[in-house]
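Q: Return atomic coordinates for the entry below.
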Amino acid sequence: MKEFWTRSLAGQMVVLLLLALLLSHAVGFVIYHDERTQALRGALKEEFLSRSAAVTRLLEASPPELHGEILRAGGSAVTRYWLASNPGEAMAWQEQALSHLMQALPARLAASEATVLPPTANRSSNTNPYLAGASLVASPSTSWETLPAGAWPLARSAQLLQLDDWNGFGLAVRLTNGAWLNAVFAKPALVPASTYRTYISLGIAALALSLIAILMARWIARPLKDIAQAAERVGLGEEVAPIPECGPGDIRCTAAAFNRMQTRLRLFVEDRTRMLAAIGHDLRTPITSLRLRAEFVTDEETRQKLLATLDEMQTMTEATLAFARDDAARETTRSVDLAALLESLCSDLADLGWDVTFTNGEKIPYRCRPDALRRAFRNLLENAVRYGERARVTLVSRSDATEISVEDDGPGIPEADLERVFSPFVRLENSRNRATGGVGLGLAIARTIIRGHGGDISLANGSGLHAIVRLPRS
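A: The predicted structure follows:
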């Protein structure tokens, strides 16, 4: 799951969209729940006051012997009406109202039982089934407030209790005969606000957003993946066709910029290669001219020194031209068996009488420019045989790279020169015999080719000199 989140654009988009969905639902639920609660409470209060006003009018218009039946008929599962001499303190009134609410409505209620003190004395012992599971407790912080005549249907004031803990109200209004009509309404939330339909709708929305996010991520990631693969191939020196400029606007701009960059890089390399080849070619003429002039020098020792210097300059020029020609050729990249390439190279050199051995490794398919890579390894093997008497080649496949090591039995080179020998035209006189030939381009060319394939070369001293080539896995 962590890899899906950290490495996948689709995973990140899915997670972010789901978080946005949950946040929007949470905010919407809070806002909706608050507004819904206020609206429902207002509607319940209006209905309660209207019903209480109707019961009040009915009591005042009916004979006393019918009051009991009116109070019973006016009650409901969450509403109770009873008569008392006065409302009394809010705390005592809540306890009395609670007693009425928790008892079931009787089948009949006589007028003489209308003034219930206490209410449970003349009621059935059965409890109210609707409120059986509710936990209603009288609150000492609640107090009576005056309900003016214009705030409810009757043209007289009344006493009102806000029973927030009960999700209800209490009312006491004085009748024309001097008695007080008491009314209570309580409807606690016995069921959760959210139902299974809420979770089903949330799940469907999450699934739809996830599918949309995956499709969007693939739509965006496909051209990005093409750009990444093309950039990797360009970094390895391959010729890459211009990538399609498709997808969203930002992706199209990125693809266009990459195509322009690739064109500029190719032109830059071609210009530098042509310049190097031109310089090497033009040096031939003055070298030839100097050689002719040296022949007219009468001092034999001086003439030989001049000719040796000119031979060295010509050798360096020819090597530079050969390197420029090879680089300008831009060999086509293809897949080869790296083990077979090394084994054939070692066999060819062994046929020439060189002491070269290859430790056969597993078959490793590798995309490369085979001729260039073969030249790089040949340079390493020639150095190993020339200065270390023999070369032992080992091929090892690792999880992150393919490693090729070339060991010889020579004296090695100073630690300070392990990196300097890769510079062009550098030759170490103390550790390498200058008379054996070479112009100091072998290691420079080998490193250029290996780095052109995305790898690198390093040197280390051991029983001899140890050259390690690391190539990235295809």
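Q: what about Pro472, how many residues close to it?
A: 15 (other CB atoms under 10 Å). Placement of C-beta: from N, CA and C, glycine included.
Q: I'd like the next helix or strand past the lowest-mean-pLDDT helix or strand in the chain.
A: Ranked by mean pLDDT, DSSP states H and E, the weakest helix or strand in the chain is helix 2-7, scoring a mean of 54. Sequence order places helix 9-60 as the next helix or strand after helix 2-7, per DSSP states H and E.
Q: just how off-centre is that next one within its chain?
A: 36 Å (CA atoms, centre = their mean, to the nearest Å).
Q: What is it packed up against?
A: Packing partners of helix 9-60 (3 or more CB pairs under 8 Å, 6 or more residues apart in numbering; DSSP states H and E): helix 2-7, helix 67-74, strand 79-84, strand 168-174, strand 180-186, helix 196-235.
Q: in the protein, which spans are strands?
A: 79-84, 145-147, 158-163, 168-174, 180-186, 334-337, 356-359, 365-368, 391-397, 401-407, 456-461, 465-472 (DSSP state E).
Q: picking up where we left off before, can you lay out the helices and strands packed on helix 9-60 as JSON lines showing distance to Leu290?
A: Converted to JSON lines, those look like this (distance: least, CB to CB, whole Å):
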{"stretch": "helix 2-7", "distance to Leu290": "62"}
{"stretch": "helix 67-74", "distance to Leu290": "129"}
{"stretch": "strand 79-84", "distance to Leu290": "122"}
{"stretch": "strand 168-174", "distance to Leu290": "115"}
{"stretch": "strand 180-186", "distance to Leu290": "117"}
{"stretch": "helix 196-235", "distance to Leu290": "42"}
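Q: Let me have those in a markdown table, extended by mean neighbour count and distance to Thr142.
A: Listed next are the helices and strands packed on helix 9-60 as a markdown table, based on neighbours: other CB atoms under 10 Å; distance: least, CB to CB, whole Å:
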| stretch | mean neighbour count | distance to Thr142 |
| --- | --- | --- |
| helix 2-7 | 9 | 52 |
| helix 67-74 | 20 | 23 |
| strand 79-84 | 23 | 17 |
| strand 168-174 | 22 | 8 |
| strand 180-186 | 24 | 12 |
| helix 196-235 | 14 | 33 |
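Q: any idea which of the ones you listed scores lowest on pLDDT?
A: Among the helices and strands packed on helix 9-60, helix 2-7 has the lowest mean pLDDT, at a mean of 54.
Q: what number of residues lie near Gly28?
A: 10.
Q: What confidence value was assigned to the closest residue to Ser143 other than its chain neighbours?
A: Nearest non-adjacent residue to Ser143, counting by CB to CB, 6 or more residues apart in numbering: Ala90, 5.1 Å away. Model confidence at Ala90, given as pLDDT, is 90.
Q: Next one: Ala90 from Leu163, what distance?
A: 10 Å (CB to CB, to the nearest Å).
Q: hey, what's in contact with both of those two?
A: Residues touching both Ala90 and Leu163 by CB atoms under 8 Å, 6 or more residues apart in numbering: Thr142.
Q: got the contact list for the nearest residue to Ala372 once chain neighbours are set aside?
A: Spatial nearest neighbour of Ala372, excluding adjacent residues (CB to CB, 6+ apart): Ile449 at 4.9 Å. Counting by CB under 8 Å, 6+ apart, Ile449 touches Arg369, Ala372, Leu373, Arg375, Ala376.
Q: The second one: neighbouring residues, count only.
A: Using other CB under 10 Å, Ala372 has 21 neighbouring residues.
Q: my guess is it meets Arg334, correct?
A: No - contact criterion CB atoms under 8 Å: Ala372 and Arg334 do not qualify, at 11.7 Å.
Q: Dump the contacts of Ile449 into TSV; add distance to Val393 and pLDDT as well.
A: As requested, the contacts of Ile449 are arranged in TSV below (distance: CB to CB, whole Å; pLDDT from 0 to 100):
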residue	distance to Val393	pLDDT
Arg369	20	85
Ala372	18	86
Leu373	13	90
Arg375	15	89
Ala376	13	90
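Q: Throw those residues into TSV and include distance to Asp355, thanks.
A: Converted to TSV, the contacts of Ile449 look like this (distance: CB to CB, whole Å):
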residue	distance to Asp355
Arg369	28
Ala372	25
Leu373	22
Arg375	21
Ala376	20
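Q: Go through those residues and flag which are in helices.
A: Residues of those located in helices (DSSP state H): Ala372, Leu373, Arg375, Ala376.
Q: for stretch 423-431, what is the average pLDDT?
A: pLDDT averaged over stretch 423-431 gives 65.
Q: now the farthest one out in this protein, which residue is it?
A: Thr298 (80.0 Å; CA atoms, centre = their mean).
Q: contacting residues around Cys152?
A: Rather than Cys, residue 152 is Trp. Counting by CB under 8 Å, 6+ apart, Trp152 touches Leu49, Ser50, Ser52, Ala53, Ala158.
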